[in-house]
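Student: following is a predicted model, sequence given first.
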Amino acid sequence: MSDMHKLHNTKPGKVFDFINIIFLGIAAIITLLPFVYVVAGSFATESELARRAFFVFPETFTLEAYRYIFTSEAFIRSIIVTIGVTAVGTLVQLFFTFTLAYPLAKRQLRGRKLLINMVVFAMLFSGGMIPTFLVVQALGLVDSYWALMLPNAINPFNLIIIKNFFQNFSVELEESAKIDGATEIGIFWRIVLPLSKPILATFALFYAVGIWNDFMSPLLYLNDSSKWTLQLLLRQVTISSDPNALGSLDPDYIPPAEGMKLAIIVIATLPIMTIYPFLQKHFAKGLLIGSVKG
Amino acid sequence: MKAITLRKPEKNADKKSLAEIVKIMWVRDKWLYCLLIPGVLYFLIFRYAPMYGVIIAFKNYVPFLGIQASPWVGLDHFTSFFSSPDFLRLLGNTLWLSFLGIAVAFPAPIFLAILLNEIRFSVYKKLVQTCIYVPHFLSWTIVIGLTHVLFSINGGAVVDLVETIFGVRINFLAEPQWFRPMIILQGIWKGTGWGTIIFLAALANVSPEQYEAAIVDGAGRFRRIWHITLPAIRPTVVIMLILTMGSVLNTGFDQIFLMTNSLNRSVADVFDTYVYNVGITRGSYSYSTAVGLFKSLVGIILILTTDFIAKKVDKESGLF
Amino acid sequence: MDSLRKRGVYSLAGLFLLFVLVACGGNDGTATNDSSGEGGESGETTLINEITIMAPTFETTAPPADNEWEQAVEAFTGRQLTINWVPNVSYEDRMNVTLASTDIPHVMVIQGKTPGFLNSAEAGAFWELSDYLDDYEYLSQYNEDILRNASVNGNVYGLYRGRDIMRSTAIVRKDWLDNLGLDVPETIDDLYEVLQAFTHDDPDGNGADDTVGLIIPTWYGSLDTLSIWFGAPNVWGYENGEVVPAFTTDAYKASLEFVKKIVDEGLVNPDFTTLSPDDWNNAMFNGQGGVIIDTYSRAMQINNLFVDETGSTDPEEHFVEITGTIRSSDGEEYGQPTDGYSGFLAISKTSVQTEEELHEVLAFLDQLSSADGLNLLNHGIEGVNYELDDEGYLIPLETPEAAALKPYEMGQISTYGEGMHTMRQDGALPQKRYQLMEDNEAHAVYNAAAPLVSEVYTTRGTQLDDIIADARIQYVAGHIDEAGWDSAIDLWYSSGGQELIDELNELYTEMN
């Protein structure tokens, strides 16, 4: 493929390539730098953080904040809990979403419109925090990890996009499988899903990030502090700059050290950030979905 | 609404015999119905069962009393919202920000995804992708902290730069006319990279043969983008646009709240910050639910309208 | 089943049945909640076996259940405890959800008179305690003013968590004062001179005109403090038999003119309309300005930055000066106090149903208000967290064991009382702080409306506050003139301010 490109790359094409590469490079730097600062700051001393508004390398290197985090049992436990809940929760949510999206993509299905209406309606109207809590409580899910996964199992927005992807799925492939005697569940499991890797990867990412960053569910549904996730701890340290907390702070409250804040931000975001590069390889493999009308 | 939508397809089916219909539903599609079960149960239990909660918009809800025992107030919350002297200003500010967002911030990830798709060094492409999606993970507090560093009238780098080039010293953070551009700019910086993911997933479905065939036909770079790349992401763009319309009155809270100050409040107040001030800080779940209902109603009208237009333009696109 | 339509109707009906069933399941939750007021949750009519408490935590380390500290409290009181720790962020949401649920703890920490709390209190969620407190040895030793401040129009719905009364001070860079040979300012006129000198006389000696006097961020507490120092009421005053808002008084206007003058003369940071409060300490530490008006805790934070920078170990050395209350130009002293409390402990009527049960809970809290109880809650376990020296001063221990218990914050459930151990005040700055706090208390100007909870304020308070807060900044920044300020006050009156004043006056008369 790259040979073909080279063969036919015209002069304006080359200029375009050059500008494109430079432009994207600048975009990458502009977007990455602030995070680099957060990482650098987590290794810096308090006075340096106060003195310098922005830096990429700390003058004095200290591991103080990380030492504290990694000697704290509660921290390590909440890292493990968060990773576990995110991994299982992503699978659960993908299961619920994809099993609903696939039949809804079948235009011949009776009642399909009603169900899609139901989804769109639920996207816009919600019962609110307290009634949802009461349902979760009635189901006996309070203090259970399921409470962090099930109440948000299907994001209607995601569901509709996935359904639309499936609508473009090559019908011939499914028909030929049906002739071979496969049921719809078999086709879905053995043919459709393996060929939907970019979609699966995309929404696995969306759901994983969603669970990882979820703060309200653990706050409302978990009493047992040994089950707390990283987001609760992250919010605790950034509370002094949280607009929702302004004015409600105890006058005796002493904000945590700036370096500690940044270190916890790093710990709470870095693991989830690294899954994108990991999922990227699946983005190029879904070549059989949707023959595009040129 | 439910009854109507259910009846529609049946009209076409009237001519079929009962046997045929039962056959279709229970023989041909039974496995599809089986697949539906978990998802439908989810919606009934976690989305619809709590929905009786919206009646608190018509009550004076006190959590301790419970929904049933809280007193009815009818449309009080709605009338006090619509008759508030600030209502039109809030509506204007909210719509301004939303439509600026749709006009400027919505196309940005599409544009960026197309540019990324044109990069052929796959390592560089992946590197850039990974970098530009990082801001999504930074909280608004951090983003706004950095904005202050760059745009402060007291030694901010951008302010100094603008002064050197244009000879004027602009207080970007306080002057009301700069409020909206700043909000949109922050939104683009934070959300564009993340937004490209969905479009890149759509582009992953384009087979390389199509590009190769186009090259053989002598199609230049821009013709290939126009005839292959754009059509490939068009359904996704349309569906994203329709869904975005549903949240036109949601402008987000944290960002705007943190960027508001005494000098720009006249343009900065939007429904979300207003409801926070009146509803959340004042503990009035009923009031915020009432405003939420209004926003949802507007959202559903806009979604259906956009969907209708999209279908007129292209029968294949749209929600259903 | 004679047609598809029926089929569809059946399945639709089925779905709806399911929906209704589930919805009722949800409703049951609220229904039981309503009835449990009289009935029994689990037939708990005898004594309370285990006291449950809901409390906020500020720490990043989640307190584990039954940790050693909690066990020590259990041993001390002879009571089983379950503490439900809730992260402080969105504590309010969690509180409301808990109140709506079937499972309400016996004791809840309430962080302030938020409408969520007020609505529930009005609906009878909590015990009114004024008739009971005097029966207890330690709980009867409340500070009357603070109890009143913490009440809701005189109704005591909780045991207040006591706090320092005097906190406001100007914080001044000591090295700059020394460089210019200036004294610590004591009056507004002194302060003005210091601000002038810090702006124009190159206090950092770098030869550049790059400093200002006062640093003001977008949190405008400094302006409130200044107005009180000028002699204005503390938010609400009581003059000529009437409750009046502070901003209508002459002293308030004078303080506003003062701020406008120093802004116009360039003695204030030019970005005072946008500077984030997060960068407040840094602005002083970095030498952008030399004076901050805020609290003693901020003075300590800034001092610590200098200590960290210089590595100073001498407790007598300090880098910022504190002033306490700054006297007005005519020499009068008007101090800005706090309300003297930070939230309170309320007792649920749902889970604590009878007076006998209430007595048990109050007896438990009474024990914790004794000197030993307070020390246990606030300082931890003697011998593990701290030791006492020969004179009875507290010495915190720095062992890993002590450090492990420290974040469990049992102090969150401590209320008021006497007899807490204190640390020997080492160091010049803390000593001066405690001295100032003591000296200034006599001249504190209290908020006349602190215990009053107004309906109008509950629904429209934020907008009303914003009208004045915005106009104040716009006036100081020169965006509006005096006529603009006056019309903002008119707008305040017509947007509900007059109703608010009337309501407060009524409540004030009722209470006294």
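Tutor: Good, I have the coordinates. Numbers count the residues shown, from 1 in each chain, chains lettered A, B, ... in the order given.

Student: excluding its backbone neighbours, what's nearest residue A:221?
Tutor: residue A:147 (3.7 Å; Cβ to Cβ, 6 or more residues apart in numbering or on different chains). In this view, the C-beta of every residue, glycine as well, is placed from N, C-alpha and C.

Student: please identify the helix or strand for the one you found.
Tutor: Counting by DSSP states H and E, the element that carries residue A:147 is helix A:146-149.

Student: how far away is the residue nearest the centre of chain A from residue C:63?
Tutor: With distances taken as Cα atoms, centre = their mean, residue A:209 lies nearest the centre of chain A, 1.8 Å away. For residue A:209, the distance to residue C:63 (Cβ to Cβ, to the nearest Å) stands at 29 Å.

Student: before we move on, back to that, any residues touching the helix holding residue A:147, and which ones?
Tutor: A:85, A:88-89, A:92-93, A:136, A:141, A:211, A:214, A:217-218, A:221-222, A:229 (Cβ atoms under 8 Å, 6 or more residues apart in numbering or on different chains).

Student: just the element for residue C:438, please.
Tutor: According to DSSP H and E, residue C:438 maps onto helix C:428-440.

Student: residue in the stretch 51-200 of chain B nearest to chain A?
Tutor: Of all residues in the stretch 51-200 of chain B, residue B:53 sits closest to chain A, at 3.2 Å by Cβ to the nearest Cβ.

Student: that residue: what's it in contact with?
Tutor: A:127, A:128, A:130, A:131, A:132, B:67, B:289.

Student: so it sits in a strand?
Tutor: No - under DSSP: H, G, I helix; E, B strand; the rest coil, residue B:53 falls outside any strand and is assigned helix.

Student: how near is whatever residue of the stretch 151-294 of chain A ends up closest to chain C to residue B:220?
Tutor: The nearest approach of the stretch 151-294 of chain A to chain C comes at residue A:225, 3.5 Å away (Cβ to the nearest Cβ). Distance of residue A:225 to residue B:220, given as Cβ to Cβ: 62 Å.

Student: quick one: which of the contacts of helix A:146-149 is nearest to chain B?
Tutor: In terms of Cβ to the nearest Cβ, no member of the contacts of helix A:146-149 lies closer to chain B than residue A:136, at 8.1 Å.

Student: part of a helix, is that closest one?
Tutor: Yes - Residue A:136: assigned to a helix according to three-state DSSP.

Student: could you find the closest non-adjacent residue to the residue nearest to the centre of chain A?
Tutor: That would be residue A:272: by Cβ to Cβ, 6+ apart, it lies 5.9 Å from residue A:209.

Student: same thing with residue C:187?
Tutor: Closest to residue C:187 by Cβ to Cβ, 6+ apart is residue C:327, at 4.7 Å.

Student: with residue B:305 instead?
Tutor: residue B:245 (7.7 Å).

Student: wait, that neighbour touches residue B:303, no?
Tutor: Yes - between residue B:245 and residue B:303 there is a contact at 5.5 Å, judged by Cβ atoms under 8 Å.

Student: ok, and does the helix holding residue C:438 reach over to chain A?
Tutor: No - if you take Cβ under 8 Å from any Cβ of the partner chain as the test, helix C:428-440 misses chain A, and the best it gets is 12.7 Å.

Student: tell me where the stretch 151-294 of chain A has helices.
Tutor: Listed in chain order, the helices of the stretch 151-294 of chain A (DSSP state H, counting those that start in this stretch) span A:156-167, A:171-179, A:184-187, A:193-195, A:197-213, A:216-221, A:230-238, A:258-273, A:275-280.

Student: for residue C:90, which non-adjacent residue is closest in space?
Tutor: residue A:219 is the one closest to residue C:90 (Cβ to Cβ, 6+ apart), at 5.7 Å.

Student: where does the prediction get shaky in the stretch 101-250 of chain B?
Tutor: The stretch 101-250 of chain B contains no residues with pLDDT under 70.

Student: to clarify, my last question referred to chain A.
Tutor: For chain A, the stretches flagged by pLDDT under 70 are A:1-10, A:170, A:239-253, A:284-294.

Student: packing partners of the strand or helix carrying residue B:289?
Tutor: According to DSSP H and E, residue B:289 maps onto helix B:285-313. If you count contacts as 3 or more Cβ pairs under 8 Å, 6 or more residues apart in numbering or on different chains; DSSP states H and E, helix B:285-313 packs onto helix A:112-124, helix B:76-82, helix B:230-245, helix B:271-275.

Student: now do 6 Å
Tutor: When contacts are defined as 3 or more Cβ pairs under 6 Å, 6 or more residues apart in numbering or on different chains; DSSP states H and E, helix B:285-313 sits against helix A:112-124, helix B:76-82, helix B:230-245.

Student: quick check, stretch A:126-136 touching chain B?
Tutor: Yes - judged by Cβ under 6 Å from any Cβ of the partner chain, stretch A:126-136 comes into contact with chain B at A:127, A:128, A:131, A:132, A:135.

Student: now list the buried members of those.
Tutor: Neighbour-count burial (16 or more other Cβ atoms under 10 Å in any protein chain shown) applied to the residues of stretch A:126-136 next to chain B gives A:127, A:128, A:131, A:132, A:135.

Student: hmm, which two among the residues you listed are most spread apart?
Tutor: The distance between the two most remote of these (Cβ to Cβ) is 11.1 Å, for A:128 and A:135.

Student: got the contact list for stretch B:260-280?
Tutor: B:90, B:93-94, B:174, B:176, B:179, B:249, B:251, B:253, B:256-257, B:287-288, B:291, C:218, C:273-274, C:462, C:470, C:473 (Cβ atoms under 6 Å, 6 or more residues apart in numbering or on different chains).

Student: measure the most centrally placed residue in chain B to residue B:237 for me?
Tutor: When chain B is reduced to its mean C-alpha position, the nearest residue by Cα atoms, centre = their mean turns out to be residue B:244, at 3.6 Å. Residue B:244 sits at a distance of 10 Å from residue B:237 (criterion: Cβ to Cβ).

Student: circling back to that earlier point, which of the helices and strands packed on helix B:285-313 sits closest to residue C:182?
Tutor: Closest among these, once you apply Cβ to Cβ, is helix B:76-82, at 54.6 Å.

Student: relative to helix B:285-313, how tilted is the helix or strand just after the closest one?
Tutor: With elements assigned by DSSP H and E, the helix or strand that comes after helix B:76-82 is helix B:87-100. Using axes from the mean of the first three to the mean of the last three Cα atoms, to 10 degrees, the inter-axis angle of helix B:87-100 relative to helix B:285-313 is 40 degrees.

Student: quick one: stretch B:177-184 to chain centroid distance?
Tutor: Relative to its parent chain, stretch B:177-184 has a centroid offset of 19 Å by Cα atoms, centre = their mean, to the nearest Å.

Student: I'd say the residue of the stretch 151-294 of chain A closest to chain C and residue C:85 touch.
Tutor: Yes - between residue A:225 and residue C:85 a contact is recorded at 5.3 Å, counting by Cβ atoms under 6 Å.

Student: who touches both of the two?
Tutor: residue C:63.

Student: can you dump the C-alpha atoms of stretch B:166-183 in CSV for me?
Tutor: C-alpha atoms of stretch B:166-183 as CSV (Å, rounded to 0.1, in the frame of the first residue of the first chain):
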residue,chain,number,x,y,z
PHE,B,166,-1.2,43.8,17.9
GLY,B,167,-0.2,46.4,20.4
VAL,B,168,-3.2,45.9,22.7
ARG,B,169,-3.4,44.4,26.1
ILE,B,170,-6.5,42.3,26.3
ASN,B,171,-7.9,40.9,29.5
PHE,B,172,-9.2,37.7,28.0
LEU,B,173,-10.4,36.3,31.3
ALA,B,174,-12.5,39.3,32.3
GLU,B,175,-13.8,40.9,29.2
PRO,B,176,-17.3,39.6,28.4
GLN,B,177,-16.8,39.5,24.7
TRP,B,178,-13.9,37.0,25.2
PHE,B,179,-15.8,34.7,27.4
ARG,B,180,-17.4,32.6,24.6
PRO,B,181,-14.3,32.2,22.5
MET,B,182,-12.3,31.1,25.6
ILE,B,183,-14.9,28.5,26.5
